[in-house]
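In: Let's see this in three dimensions:
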Amino acid sequence: MYDDFPLNSKKAQEWFGLDKFTLKEKGYYLATIHRAENTDNPGRMKAIVKGLLDIQEKVIFPFIQE
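Out: Purely as a prediction, here's the structure:
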């Protein structure tokens, strides 16, 4: 995953830049929960969502609409 970051960081900034979501630097969390071991297990998914709801900062779920 880290290997992709340098290659895709400019594109990510265009799609998910702070200005698009009225975010301040270090004032949000980026969450991705797309792995099957998270989404295919209702108990695990419920625990993830509960944990995210407890966070006091904004949580962003990125997606690409094609």
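
In: Give the ranges of residues in the protein that sit below the confidence cut-off.
Out: 1-2, 4-5, 12-13, 15-17, 64-66 (pLDDT under 70).

In: Can you pull out the residues in contact with stretch 38-58?
Out: For stretch 38-58, contacts defined as Cβ atoms under 8 Å, 6 or more residues apart in numbering pick out Phe21, Leu23, Gly27, Tyr28, Tyr29, Ala31, Ile33, Glu37, Val59. C-beta here means a position set from N, CA and C on the backbone, and glycine is covered the same way.

In: So the second one lies in a helix, does it not?
Out: In other words, Leu23. No: going by DSSP: H, G, I helix; E, B strand; the rest coil, the assignment for Leu23 is coil, not a helix.

In: Just the buried ones from the contacts of stretch 38-58?
Out: Leu23, Tyr28 (16 or more other Cβ atoms under 10 Å).

In: Make sure Ile60 is actually in contact with Leu30.
Out: Yes: using Cβ atoms under 8 Å, Ile60 is in contact with Leu30, at 5.3 Å.

In: out of the two, which sits in the busier spot?
Out: More crowded of Ile60 and Leu30, by other Cβ atoms under 10 Å: Ile60, with 15 against 12.

In: Give me the phi and psi for the more buried one.
Out: The phi/psi pair for Ile60 (degrees, to the nearest 10) reads phi -110, psi 130.
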